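Chemist: Task: produce atomic coordinates for the following.
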Amino acid sequence: MMKKTLALFALFALFASPASIQTLADARRAYGQKEYEKAFAMLESLAQSDGRNSEVHLLLGHVSSKLGKWDKAIQSFEETTRLDPESVAAYLQLGFLYEKRKDNVKAAEAWAKVLSLAKNEKTRELAQKHLNNLK
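Modeler: Model (predicted):
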């Protein structure tokens, strides 16, 4: 039993290094303090070193949006949905971004995913409103 525990701990250490956790926390702090360029640089680096973390890509999408980097925001939110297919937050942002781009087909797909995944009634109502407006 002890060997299994140690093996699991070692495996966890490979995938969730304290440095990457700290960097994500620092990036969140920078985002909260509206230091978007700083957060962007930190998250870009993290995405390169820890590309499997959906939270990194989600926050990178938000930061990219704040900086007006729409293509990067879309790419980051799409990557979030690839890593976490149930990320309502990512699909919600994709809905807004695709509407902004006048890509009604992709916007409708994103809003439909929000509608199917969201548990919050207000979020579901928002998604339905946007779907109705796209028709």
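
Chemist: how near is Pro46 to Val63?
Modeler: Not Pro; residue 46 is Leu. 11 Å (CB to CB, to the nearest Å). In this view, the C-beta of every residue, glycine as well, is placed from N, C-alpha and C.

Chemist: which of these two has more neighbours?
Modeler: Neighbour totals were compared for Leu46 and Val63, and Val63 leads with 26 against 22 (other CB atoms under 10 Å).

Chemist: Need the overlap of contacts for Leu46 and Val63.
Modeler: Residues touching both Leu46 and Val63 (CB atoms under 8 Å, 6 or more residues apart in numbering): Ala27.

Chemist: Now stretch 116-129: buried residues?
Modeler: Going by neighbour count (16 or more other CB atoms under 10 Å), the buried part of stretch 116-129 is 117-118, 123-124, 126-127.

Chemist: closest to Leu67 among these?
Modeler: Leu126 (24.2 Å; CB to CB).

Chemist: if I pick the closest one, what's in contact with it?
Modeler: Here Leu126 is in contact with 92, 114 (criterion: CB under 8 Å, 6+ apart).

Chemist: what about the residue positioned nearest the centre of the chain, helix or strand, and which?
Modeler: With distances taken as CA atoms, centre = their mean, the residue of the chain nearest its centroid is Leu58 (1.7 Å). When elements are assigned from DSSP states H and E, Leu58 belongs to helix 54-66.
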